[in-house]
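Chemist: based on what follows, work out the 3D shape:
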Amino acid sequence: MTRPPPSVRTTPRRTRRPLVVGAVAVVAAIAAALGHALLNPSQAPSPRASPRSPSAAPSRAPAPLPPLHRELHGTPGAADGVVPDGVTVLDDGIPAVANLDANLLEALRRAARDGADDGVELSVNSGWRSPEYQNQLLRKAVAKYGSEAEAARWVATAKTSPHVSGDAVDIGPADAAEWLSGHGAGYGLCQIYRNEPWHYERRTEAIDRGCPRMYADPAQDPRMRP
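Modeler: Okay, here's the model as predicted:
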């Protein structure tokens, strides 16, 4: 007995077209939103700053303070107060001499003329100095003596040095400084520091009363204190 052939079941075929169309629509919507944000960045929401995050505005570093004095670059010259060899108190063409206080210079020249009668020539080893040159000398003194305190016994600051103001002169050679030590009071010229037999300043009262007592060194001079 033969069986009739089994009936073939036909299952209706499912279509996926609506799903594909929906996915395409979603992707298009996302792309449109992203494109709008890129084209309009000002409308994009700003991220919230974390409580620990720094401020959005960058802080500027403070501007450097200007130097108190112009730095002296290179080797100082005559314009800064450097004195060439062989200069005397009579040389007007040298700034270290010409920039001295007029009354001090006049007293030095009277002494020089009288000293010449004794065979002594008053040479100038140092006179007026620019503030920059004075500061350079001070830095060298600190390097030489190892500390500012020790350097102050020999070199003053630009603010306190009588060389910068034109009120002091260093006389040489040794025999000329020695002659001025014995005769300087008559011209109102006095040695001020015991450790500097070459350093002279004008003291008008010395003509009648003699030179005042010397300081041991510039560090003992009240004028040198800031």
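Chemist: quick check, residue 200 in contact with residue 192.
Modeler: Yes: with contact defined as C-beta atoms under 8 Å, residue 200 reaches residue 192; the gap is 7.3 Å. For glycine as for every other residue, the C-beta is placed from the backbone atoms N, C-alpha and C.
Chemist: neighbour count: these two, which is higher?
Modeler: Neighbour count, other C-beta atoms under 10 Å: between residue 200 and residue 192, residue 200 has more, with 26 against 19.
Chemist: quick one: residues contacting that one.
Modeler: Residues in contact with residue 200 (C-beta atoms under 8 Å, 6 or more residues apart in numbering) are 108, 168, 169, 170, 171, 180, 184, 189, 190, 191, 192.
Chemist: all strands for this protein, in order.
Modeler: Along the chain, the stretches classed as strands by DSSP state E are 123-126, 168-172, 189-191, 199-202.
Chemist: what packs against the first one?
Modeler: Looking back up the chat, that one is strand 123-126. With contacts taken as 3 or more C-beta pairs under 8 Å, 6 or more residues apart in numbering; DSSP states H and E, strand 123-126 sits against helix 95-98, strand 168-172.
Chemist: got a list of contacts for the first one?
Modeler: Identification of contacts with helix 95-98 by C-beta under 8 Å, 6+ apart yields 78-83, 87, 89, 91-92, 105, 124, 126-129.
Chemist: give me the below-cutoff pLDDT ranges for the chain.
Modeler: 1-73 (pLDDT under 70).
Chemist: residue ranges for the helices of it, please.
Modeler: For the chain, the helices defined by DSSP state H cover 17-39, 95-98, 102-117, 131-145, 148-151, 174-183, 206-209.
Chemist: could you export the helices and strands packed on strand 123-126 as TSV, including mean neighbour count?
Modeler: Shown next, in TSV, are the helices and strands packed on strand 123-126 (neighbours: other C-beta atoms under 10 Å):
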stretch	mean neighbour count
helix 95-98	20
strand 168-172	23
